[in-house]
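Engineer: only the shape, not the letters, is given here:
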């Protein structure tokens, strides 16, 4: 079964702690938005989505096969 839609952004694994700090500063408006790449922005958005979904999830996820 192919589940590409369930993967995390590939750049998330490659970013260093310093990269995440730089992305965070851009998100907070402390540095210009163009100080990070579009790929870094997408990786951070992917991480943020996962964090929010985990916080508000009311039950364990279930994979249903039909």
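Structural biologist: Looks like it came in fine. Please read these numbers as outputs of a predicted model, since none were measured by experiment.
Engineer: which residue ranges of the chain form helices?
Structural biologist: Applying DSSP state H to the chain gives helices spanning 17-27, 38-56.
Engineer: quick check: which of the ones you listed is nearest to residue 10?
Structural biologist: helix 38-56 (8.0 Å; CB to CB). Any C-beta I mention is one placed from the backbone N, CA and C, and that applies to glycine too.
Engineer: the closest one relative to helix 17-27, how many degrees between them?
Structural biologist: Helix 38-56 and helix 17-27 are oriented at 80 degrees to each other (axes from the mean of the first three to the mean of the last three CA atoms, to 10 degrees).
Engineer: quick revisit: next, format the helices of the chain as JSON lines and append mean pLDDT, mean neighbour count and distance to residue 11.
Structural biologist: Output for the helices of the chain, formatted as JSON lines (pLDDT from 0 to 100; neighbours: other CB atoms under 10 Å; distance: least, CB to CB, whole Å):
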{"stretch": "helix 17-27", "mean pLDDT": "94", "mean neighbour count": "14", "distance to residue 11": "9"}
{"stretch": "helix 38-56", "mean pLDDT": "90", "mean neighbour count": "13", "distance to residue 11": "4"}
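Engineer: just send those helices back as TSV, with distance to residue 8 too.
Structural biologist: Output for those, formatted as TSV (distance: least, CB to CB, whole Å):
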stretch	distance to residue 8
helix 17-27	14
helix 38-56	6
